[in-house]
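[1] Sequence plus the predicted model coming up.
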2 protein chains.
Amino acid sequence: MATVAVIGDGQLARMMQTSAIELGQSIRLLAGAQDSSAAQVCADVLIGDYTDLADLRRAVDGADAVTFDHEHVPNEHLQTLIDAGVNVQPQPAALVHAQDKLTMRTKLAEIGAPVPDFAAIESVADAETFFERVDGKVCLKARRGGYDGHGVWFPDTIEELRETVTELLDKGVPLMAERKLAFDRELSAMVARTPSGEVKAWPVVESVQRGGICVEAISPAPGLTPQLAGQAQELAGTIAAELGVTGVLAVELFEVDGRVFVNELAMRPHNTGHWTQDGCVTSQFEQHLRAVLDYPLGSTEAMQPVTVMANTLGADTEAEMPVAERVQHVMRRFPHVKIHLYGKSYRAGRKLGHVNVTGRDVAATRREAQLAAHFLTDAVWADGYLAHETK
Amino acid sequence: MATVAVIGDGQLARMMQTSAIELGQSIRLLAGAQDSSAAQVCADVLIGDYTDLADLRRAVDGADAVTFDHEHVPNEHLQTLIDAGVNVQPQPAALVHAQDKLTMRTKLAEIGAPVPDFAAIESVADAETFFERVDGKVCLKARRGGYDGHGVWFPDTIEELRETVTELLDKGVPLMAERKLAFDRELSAMVARTPSGEVKAWPVVESVQRGGICVEAISPAPGLTPQLAGQAQELAGTIAAELGVTGVLAVELFEVDGRVFVNELAMRPHNTGHWTQDGCVTSQFEQHLRAVLDYPLGSTEAMQPVTVMANTLGADTEAEMPVAERVQHVMRRFPHVKIHLYGKSYRAGRKLGHVNVTGRDVAATRREAQLAAHFLTDAVWADGYLAHETK
């Protein structure tokens, strides 16, 4: 059977291993540390540095396909591997659009995908011009390396914009700006695409964010019109094809007055796709493996009317109750909640796991997911439920 | 989080690892070989001999619970571990009933569970007496070590019985006999039980056997009356409680004229429970881990009206088409079929994997599962479908 080499050792690689096992495959991991989330659960682990070409070469040797759990492998190394005949999926020509926010927006505008008005910011003058153009509604972004709310600024005044831009350019941070949209909500349209060009879309989800971090994904996005859902899926498919994406692509969207605008792209399994593990015939992790191997894609049909994913984020202070005990409380109260933990040590705000809950009613299912995810971090029932009430 | 030590390296241990990963746990494996089904996919593997106490001691050191993927660990070693404070689940006092078919039937009769008429066979005279008692409808069984049709004989005449018994007793095989039932079909009632005594039952399935090997499991068993289903579930729960079983218990049953009789017991995840991976909120592998750790049990609700599991058994001659290619054909024709492969090398009749299919219609779902499982072994569509018909 096939061997897929995965560069990166986080929870995405960990959850790819789950799918690989059932497919009878084996994952070769290039991990930074033996106790990392993914390395804890894989048999074939190489400890090394993903910016080091020699380590990369060792990790991909003999693999049928090479893929990633993050976008940070230097493209020149990937190109070197490709030139040597290695099957890298997705390829740098696609990845560059997930790595550089300006390149991404320029390309999307070129193919006619809806993006908020944007501009390169190479000077304070650029910033001032853009500020005028968008009536002061500026979202400033580092072109590279931002995630979960990092690398994004919302200056309220032109003075604040000038100051931030000066400071960041002085530090050598390449910048861009886009119009800050007064959006109704955030959506995520996910697809998988194979090198042969097969594309399959999952139902479009609503992504609930707090402080720039996804805290919840609701599938399907409640009240989304079939027209807009179809448009979003088609848009994601077009982006995947036009940019040459292979594997899973997440297109994060803003919904504004019945229209969608692209916010960000991720070319790998994505937090807003975790619900597929328990709510869908084919999970994003299985689909990613199938796609990068150029296997036929699996059904993306939902198994239940509603699935809600809620993230377990490290609380401000770690709860005294051990995690294993918290897990048991959640299992006792909610026998149908699916708990996914990443084997990571506690840090405030860190993604430590998630829960998936399927059901028929959006409000009830969300409530259960939120309560369960919250208890896993805080060891407190947010609704005042007492443990001894459990039968 | 918890560490569960698993003794045994087959597909059951492999699939426990899948569930452990998602729960944030880690499996410690005592495996016979590094390339065994489970050792291929676990990070914490000890190569050793499960009949060797020193190897067992090393494998279980520091584990929160110790469990098994087979019943062959010597009970005296398990008792030694328990005496040293190791948390072994299930315990030898329960396991003995899955190890010795006479002990099992004697105990079941004692607690009033329905079993076919049976007797110990320690001499040819015993066999002759039993032959008379059951009007020649004799099923002769080795008390220990039988599986998948091995260790079972159906002598047609008293001469054949005498001959077989003589030969086996001469070889030192302890024997028992039971009345061969003219059953309508085979069922499997599975439950999980925790050391604290919580019990949860899955829907009762029909188990389709060929040559003593389970080839298919249909959930729920088609046409089974709610009364008989309830009785079978209650029976499995009673057996689990009375025998002190912890973890998953499979009770294989004969259905005869609207009644059930116990055929065999297995105290671990079981082939007839593989459907739960894709058809149920909680799979038997997750449930087994939860049960042996004395965690609250998960919901056993079915996700779809019908789930069919079909085994992928090694064909008489291995197909020329590589497995990875067969997998792609099945994926192309049936995007909703879930493929599970065990990473095992080909051998005629060997369980190499299984497929699960969910649906609404029993006949259609069975047909798809059978076609898919058959193609995975034989590289031929049993219905004459041609690959080029695939879009």
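    Perfect, I can see it now.
[2] Chain neighbours aside, what residue packs nearest to the residue in the stretch 201-350 of chain A that chain B sits nearest to?
    Nearest residue of the stretch 201-350 of chain A to chain B, counting by C-beta to the nearest C-beta: A:Leu341, 2.5 Å away. The way it works is simple: take the backbone N, C-alpha and C, and place the C-beta from them, glycine included. In this structure, A:Leu341 finds its nearest non-sequential neighbour in B:Gly24, 2.5 Å apart by C-beta to C-beta, 6 or more residues apart in numbering or on different chains.
[3] can you count the residues close to that neighbour?
    26 (other C-beta atoms under 10 Å in any protein chain shown).
[4] could you list every residue that touches it?
    A:323, A:327, A:339-343, A:353, B:1 (C-beta atoms under 8 Å, 6 or more residues apart in numbering or on different chains).
[5] which one of those is nearest B:Arg185?
    A:Ile339 (36.5 Å; C-beta to C-beta).
[6] The closest one against A:Val355, yeah?
    Yes - using C-beta atoms under 8 Å, A:Ile339 is in contact with A:Val355, at 5.6 Å.
[7] Which one of the two is surrounded by more residues?
    A:Val355 (27 against 22).
[8] so what's the nearest residue to the more buried one once chain neighbours are set aside up against?
    Counting by C-beta to C-beta, 6+ apart, A:Val355 lies nearest to A:Ala372, which is 4.6 Å off, once chain neighbours are set aside. Applying C-beta under 8 Å, 6+ apart to A:Ala372 gives the contacts A:310, A:330, A:333-334, A:337, A:339, A:355, A:357.
[9] Could you rerun that using 7 Å?
    A:310, A:330, A:334, A:337, A:355 (C-beta atoms under 7 Å, 6 or more residues apart in numbering or on different chains).
[10] Show me what the last one bridges to in the sheet.
    Beta bridges link A:Val355 to A:Ala310, A:Ile339, judged by DSSP bridges.
[11] Would you mind confirming that it makes contact with A:Ala310?
    Yes - contact status for A:Val355 versus A:Ala310: in contact at 5.4 Å, counting by C-beta atoms under 7 Å.
[12] Name the residues contacting each of the two.
    A:369, A:372-373.
[13] Restricted to strands, list those.
    Judged by DSSP state E, strands contain none of the shared contacts of A:Val355 and A:Ala310.
[14] Checking A:Glu255 next. Helix, strand or coil?
    Following DSSP: H, G, I helix; E, B strand; the rest coil, A:Glu255 is assigned to strand.
[15] thought it was touching A:Ala189?
    No - judged on C-beta under 7 Å, A:Glu255 makes no contact with A:Ala189 at a distance of 10.8 Å.
[16] Neighbour count: the two, which is higher?
    Shown here are A:Glu255 and A:Ala189; by other C-beta under 10 Å, A:Ala189 has more neighbours (27 against 20).
[17] doesn't the more buried one fall inside a strand?
    Yes - with three-state DSSP as the criterion, A:Ala189 is located in a strand.
[18] Which residues are in contact with the closest residue to chain B within the stretch 101-250 of chain A?
    At 8.0 Å from chain B, A:Lys200 is the closest residue in the stretch 101-250 of chain A, using C-beta to the nearest C-beta. Contact partners of A:Lys200, counting by C-beta under 7 Å, 6+ apart, are A:191-192, A:297, A:300.
[19] Please repeat the previous calculation with a cut-off of 6 Å.
    A:192, A:297, A:300 (C-beta atoms under 6 Å, 6 or more residues apart in numbering or on different chains).
[20] Local confidence estimate at it?
    What the model reports as pLDDT for A:Lys200 is 98.
[21] Which element, helix or strand, includes it?
    strand A:199-201 (DSSP states H and E).
[22] Only alpha carbons, please: show the next helix or strand after that strand as PDB.
    Of the helices and strands lying after strand A:199-201 in sequence (DSSP H and E), the nearest is strand A:205-210. C-alpha atoms of strand A:205-210 as PDB (Å, rounded to 0.1, in the frame of the first residue of the first chain):
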ATOM      1  CA  VAL A 205     -20.100  25.700   7.100                       C
ATOM      2  CA  GLU A 206     -20.500  28.700   9.300                       C
ATOM      3  CA  SER A 207     -17.300  29.500  11.100                       C
ATOM      4  CA  VAL A 208     -17.700  31.300  14.400                       C
ATOM      5  CA  GLN A 209     -14.500  33.200  15.400                       C
ATOM      6  CA  ARG A 210     -13.400  34.800  18.600                       C
END
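[23] what pairs with strand A:205-210, and is each one parallel or antiparallel?
    Here, using DSSP bridges, strand A:205-210 pairs with strand A:185-193 (antiparallel), strand A:213-219 (antiparallel).
[24] Tell me which residues of that strand come out buried.
    A:205-208 (16 or more other C-beta atoms under 10 Å in any protein chain shown).
[25] swap in stretch A:316-326?
    Here stretch A:316-326 shows A:319, A:323-324, A:326 as buried, counting by 16+ other C-beta under 10 Å.
[26] check contacts around A:Glu71.
    A:98-99.
[27] again, only this time at 10 Å
    Contact partners of A:Glu71, counting by C-beta atoms under 10 Å, 6 or more residues apart in numbering or on different chains, are A:8, A:90, A:95-100, A:144-145, A:147, A:265-268.
[28] Among those residues, which lie within helices?
    The helices, defined by DSSP state H, take in A:95-99 from the contacts of A:Glu71.
[29] List, out of those, those positioned next to chain B.
    Subset of those in contact with chain B: empty, counting by C-beta under 10 Å from any C-beta of the partner chain.
[30] Need the buried ones from the residues you listed selected in PyMOL.
    Typed into PyMOL, the line below selects the buried ones among those, using 16+ other C-beta under 10 Å:
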select buried, chain A and resi 95+96+97+98+99
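[31] Phi and psi next, for A:Glu252.
    With angles defined as degrees, to the nearest 10, A:Glu252 sits at phi -80, psi 130.
[32] check contacts around the residue nearest the centre of chain A.
    Among the residues of chain A, A:His270 comes closest to the average C-alpha position under C-alpha atoms, centre = their mean, at 2.8 Å. Counting by C-beta under 10 Å, 6+ apart, A:His270 makes contact with A:12, A:188, A:190, A:207, A:214, A:217, A:248-252, A:264, A:284, A:288.
[33] try 7 Å this time
    A:190, A:248, A:250.
[34] what is the rounded mean pLDDT of the host helix or strand of A:Ala229?
    Per DSSP H and E, A:Ala229 falls inside helix A:226-243. Averaging pLDDT along helix A:226-243 gives 98.
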